[in-house]
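>>> what would the 3D arrangement of this be:
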Amino acid sequence: MTTLTDRYVAAVLRGVPEKQRTDVEQELRASVADAVDGMLEQGAEPAAAERSVLTGLGDPDRLAADYSDRPLYLIGPSLFLHYWRLLKVLLAVVVPVSMIAVALAQTLAGSSVGTVFAGAFTTGFNLVVHLGFWVTVVFVILERSGPEARKSLGDWTLDRLPELPARRQTLLDAVGAITWIAVLIALLFVQQFFVFVEGRSMPVLNPELWSFWFPVLVLLLAAEIVLEVVRYRVGRWTVPLAVVNAALNVAVAAIVIGLLRAGSLLNDRFFAAVGWPEGGGADGAIAVVGTVAMVVVAGFSIVDAFIRAYRGRSQTR
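Numbering: from 1, shown residues only. Coordinates of the predicted model:
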């Protein structure tokens, strides 16, 4: 009749290399027998003693891993920090750059705003999944390739110490950023009332947009001014501030690009008056250049803010 000990030993041996099984079986049976004998001398029942000893040994798969010196984790402490640093750098650089590149390519191909952003975010999501998977696979292989492979990544040295925290956001920095945003808002009004063609006031941008889209843009730009004030008070970029900055940039870029691609942003009458009737169209040079500029400027602002937030967080730990 098969005893609990037989079943337990068999379960352990399944996870042990064949060349070790004889020695492990002899050692394990001897240990169980000694422990059971000790409990019998104290007056325990044989069945209860056997069950108690085997329960104390724990999961047989864990015991097999201990006997065979096999780790029960994907990435151990000797490699985890290398793994985590590399993964963070790749996610912070490769993902946003690829998203911007895809958005730019689809924009130049004449795709709609929804298609542009859907393609960019789909690319970003896929990259996050693939980078996480393949970097993990590589480090799992390194973890199981022996100590020499793990040492190939090098030991920590003083040269790897991070720099001191970046300087705080100064009042001059904040004033410069706020001034630039204020100039953009002012230009919306200036072009409406102070651009003249042949003595007549002639807005460069479509005046009909003042019924909705231009006020929305002014509000979004005003929100960016508030963000700059908050960033000055905090002293640096933080992740929440970077997220708000990304949302504002995406909103502004989406509105401007959408209006450009629809041929609604520019005033056709102005371009007809200056002898360039095709300049204000959805396929004109201004629409193409403006779309590319918005993607690049918004993308740079978003990536730069998140990089600075990450650096600031890691340097203040």
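>>> list the contacts for the residue most central in space within the chain?
In the chain, the centroid-proximal residue (Cα atoms, centre = their mean) is residue 91; its distance is 5.0 Å. Contacts for residue 91 (Cβ atoms under 8 Å, 6 or more residues apart in numbering) come out as 128, 131. Glycine gets a C-beta too; all of them are placed from N, C-alpha and C.
>>> try the one 3 residues further on
Contacts here follow Cβ under 8 Å, 6+ apart; on that basis residue 94 touches 127, 131.
>>> and residue 204, by the same measure?
With the criterion set at Cβ under 8 Å, 6+ apart, residue 204 makes contact with 191, 195, 266-267, 270.
>>> where's the dip in pLDDT among these?
By pLDDT, residue 195 ranks lowest within the contacts of residue 204, coming in at 79.
>>> surely that residue and residue 189 touch.
No - assessed by Cβ atoms under 8 Å, residue 195 is found out of contact with residue 189, at 11.0 Å.
>>> between the two, tell me which one has more neighbours.
Taking other Cβ atoms under 10 Å, residue 195 and residue 189 do not tie; residue 195 has more neighbours (15 against 12).
>>> could you chop the chain up by domain?
4-67, 77-160, 171-315 (automatic domain parsing).
>>> report the helix or strand with the lowest average pLDDT across this structure.
One helix or strand of the chain scores below all others by mean pLDDT, DSSP states H and E: helix 147-151, with a mean of 59.
>>> can you give me the strands in this protein?
196-197, 200-201 (DSSP state E).
>>> look up the closest residue to residue 56, ignoring the ones flanking it.
For residue 56, ignoring the flanking residues on the chain, the nearest one in space by Cβ to Cβ, 6 or more residues apart in numbering is residue 35 at 7.7 Å.
>>> nearest to residue 261, out of the strands of the chain?
Using Cβ to Cβ as the measure, strand 196-197 is the one of the strands of the chain that comes nearest residue 261, at 25.5 Å.
>>> who does the closest one pair up with?
Here strand 196-197 is paired, per DSSP bridges, with strand 200-201 (antiparallel).
>>> residue 291 and residue 259 touch, don't they?
No - Residue 291 lies out of contact with residue 259 (Cβ under 8 Å); the separation is 10.3 Å.
>>> pull up the overlap in contacts between these two.
Counting by Cβ under 8 Å, 6+ apart, no residue touches both residue 291 and residue 259.
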